[in-house]
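Trainee: model this:
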Amino acid sequence: MRISEIQIVPIRPKDGLVGFASFVLDDNLYLGSIGIMTRLEGGYRLTYPTKKIADKNLNIFYPINKEVAQLIENEVVGQFEEVMNKVNKNDRYSRTND
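Mentor: Alright, predicted model coming up:
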């Protein structure tokens with residue numbers, strides 16, 4: 001399985017949500033609107049999109065086994081952390097040059 005073209009959109013944290021991700025799976029399938037959430041014990045987890053119909057939330061897509069879920073999480077969270085490190089580094093730089 002190959003995960004490519006990972007895109008990260010950080011947001012102002014709200015209720016544990018810190019960003020959104022999208023990626024291409026095996027050069028054949030685009031998956032988007034994946035939430036990046038903080039974990040209570042530290043680190044991050046992913047949430048997959050749902051659609052609310054009446055009082056039920058229906059899953060749009062999600063990994064169906066633990067190995068695939070872990071692979072996707074590792075790749076996406078790794079990319080998210082890289083993006084946030086760059087944002088934080090640029091933020092520190094801009095504040096020292098004010």
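Trainee: use CA for all of it now, contacts and neighbours both
Mentor: OK.
Trainee: Now tell me which helix or strand of the protein has the poorest mean pLDDT.
Mentor: Lowest mean confidence among the helices and strands of the chain (mean pLDDT, DSSP states H and E): helix 66-96, at a mean of 86.
Trainee: Could you list every helix and strand in contact with that helix?
Mentor: With contacts taken as 3 or more Cα pairs under 8 Å, 6 or more residues apart in numbering; DSSP states H and E, helix 66-96 sits against strand 3-14, strand 44-47.
Trainee: Tell me which of these sits nearest to Met84.
Mentor: For Met84, the closest of the helices and strands packed on helix 66-96 is strand 3-14, at 7.8 Å, according to Cα to Cα.
Trainee: ok, the closest one: who's next to it in the sheet?
Mentor: Strand 3-14 sits in its sheet next to strand 17-25 (antiparallel), going by DSSP bridges.
Trainee: Could you tell me the angle between the partner strand and helix 66-96?
Mentor: Strand 17-25 runs at 120 degrees relative to helix 66-96, counting by axes from the mean of the first three to the mean of the last three Cα atoms, to 10 degrees.
Trainee: next one: strand 17-25 to chain centre, how far?
Mentor: Centroid separation for strand 17-25 versus its chain: 4 Å, with Cα atoms, centre = their mean, to the nearest Å.
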